[in-house]
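[1] Make a model of this:
(one chain, ligands or ions: 2)
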Amino acid sequence: MTAALTLLRPDDWHLHVRDGAALASVLPHSARQFARAIIMPNLRPPVTTVEQALAYRDRILAALPREGDGSDFEPLMTLYLTDNTPPAEMRRAREAGIVALKLYPQGATTNSDAGVSDLRKTYATLEAMQREGLLLLVHGEVTDPEVDLFDREAVFIERHLVPLRRDFPGLRIVFEHLTTREGVQYVRDADERLGATITPQHLLFNRNAIFQGGLRPHYYCLPVLKAEEHRRALVEIATSGHPRFFLGTDSAPHAAHLKESAAGHAGCYTAPMALELYATVFEAAGALDRLEAFASHYGPDFYGLPRNTGTVTLRREDWVIPDDYPFAESARIKPLAAGETLHWKLA
Ligand code: DOR
Ligand code: ZN
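    Numbering: from 1, shown residues only. Ligands and ions are numbered 1, 2, ... in the order given. From the prediction side, this is the model:
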């Protein structure tokens, strides 16, 4: 049995780190694990301008450990796409080092009320993004109340992604947190301009996890966990060595009391042990030798960024995921799969 696994330093291509005191609590966990991360812009208010993104970047850098593990973490900034994002801002965004814009269909998830109401309204901006080489990151779910929650990804593909890709053949798109067999097939059969991230929770758990032994809010995220056939399709593609599917945790911290409430917030917190969770999936699939490419090669390759230098090492060691961690001023945060035993530990 492999006792240690050394990988090129990985990146997280989809991450929420929040702001203020919450940022200070969660950022060191990601910075310890990953060299870079794509930072989601769904703050309140959302990060819609280049100035806001640069100021947010400064606050993230200021919250990093001063020295040692994680001190050299690099946040990759994104803007929140709205109906009114000015096309002229796209050139400035590229020049300022912004890498992508995030499309939240209005009302699809946490802090998405400023999201896009109609894709047509963003066409001039998408045109400018395509010209400037900015990526479009997609929360791929329709918000139509008539569409069942579990079908929202598949319907998004037909209604929105197919026409979008036809109209913008040069735009590079990442289908974030892919959750269904239909999504896997669509991305796999597309060309090299469409990639996808996959979270640890969608690889490890099916929707039964939300209801097992009682309602478990720490397994609730959006897109919601799906049925077992979908989980299997995700595991199969993630561990197959396909270069357009790569790591994106979607670690989405919320104080425990806000998740354990009458309208619990969506989001799984995985930053402290993300790499170990992925290693668990790859080992179960007999594909540990493919973990490095998924975690450290395919993401930068798709984004057109250099791969990292340096390595991280996972050791075979049993440890129990803690029940909670301190969060913001006086709250606690509960990680995904608290109390479960992992067999890999980041050295
Ligand atoms: O579960 C989720 N949480 N899904 C999202 O799309 C947003 C995220 C958050 O920001 O909490
Ligand atoms: Zn997210």
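
[2] packing partners for the longest strand along the chain?
    For the chain, the longest strand by residue count, based on DSSP state E, is strand 311-320. Contact here means 3 or more Cβ pairs under 8 Å, 6 or more residues apart in numbering; DSSP states H and E; on that basis strand 311-320 packs against strand 4-8, helix 274-284, strand 341-346. In short, each C-beta sits where N, CA and C put it, glycine included.

[3] how about a cut-off of 6 Å?
    Judged by 3 or more Cβ pairs under 6 Å, 6 or more residues apart in numbering; DSSP states H and E, strand 311-320 is in contact with strand 4-8, strand 341-346.

[4] Is it possible to get JSON lines of the ones you listed that adds mean neighbour count and distance to ligand 1?
    Formatted as JSON lines, those follow (neighbours: other Cβ atoms under 10 Å; distance: least, Cβ to the nearest ligand atom, whole Å):
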{"stretch": "strand 4-8", "mean neighbour count": "16", "distance to ligand 1": "27"}
{"stretch": "strand 341-346", "mean neighbour count": "16", "distance to ligand 1": "22"}
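
[5] contacting residues for Glu146?
    Residues near Glu146 by Cβ atoms under 6 Å, 6 or more residues apart in numbering: none.

[6] how near is Tyr56 to Trp13?
    18 Å (Cβ to Cβ, to the nearest Å).

[7] Please say which of those two ends up with more neighbours.
    Trp13 (29 against 20; other Cβ atoms under 10 Å).

[8] hang on, isn't the more buried one packed against Gly299?
    Yes. With contact defined as Cβ atoms under 6 Å, Trp13 reaches Gly299; the gap is 4.6 Å.

[9] Overlap of the contact sets of these two?
    Common contacts of Trp13 and Gly299 (Cβ under 6 Å, 6+ apart): Phe246.

[10] so when I look at Ala237, I'm seeing a helix, right?
    Let me fix one detail, which is that residue 237 is Ile and not Ala. Yes. The assignment for Ile237 is a helix, going by DSSP: H, G, I helix; E, B strand; the rest coil.

[11] ok, how many other residues are close to it?
    22.

[12] Provide a list of residues in contact with it.
    Counting by Cβ under 6 Å, 6+ apart, Ile237 has contacts 184, 245.

[13] Return the distance of it relative to Phe327.
    With Cβ to Cβ as the criterion, Ile237 and Phe327 are 33 Å apart.

[14] Repeat that for Leu277.
    19 Å.

[15] With Lys259 instead?
    11 Å.

[16] Next, show the common contact partners of these two.
    Common neighbours of Lys259 and Phe327 (Cβ under 6 Å, 6+ apart) do not exist.

[17] Chain neighbours aside, what residue packs nearest to Pro272?
    His29 (4.4 Å; Cβ to Cβ, 6 or more residues apart in numbering).

[18] And the helices in the stretch 1-150 of the chain?
    In the stretch 1-150 of the chain, the helices defined using DSSP state H, counting those that start in this stretch lie at 20-33, 50-62, 89-95, 123-132.

[19] most tightly surrounded among those helices?
    Most buried of those by mean neighbour count (mean count of other Cβ atoms under 10 Å) is helix 20-33; its value is a mean of 20.

[20] and it, what other elements does it pack with?
    Helices and strands touching helix 20-33, as assessed by 3+ Cβ pairs under 6 Å, 6+ apart, are absent.
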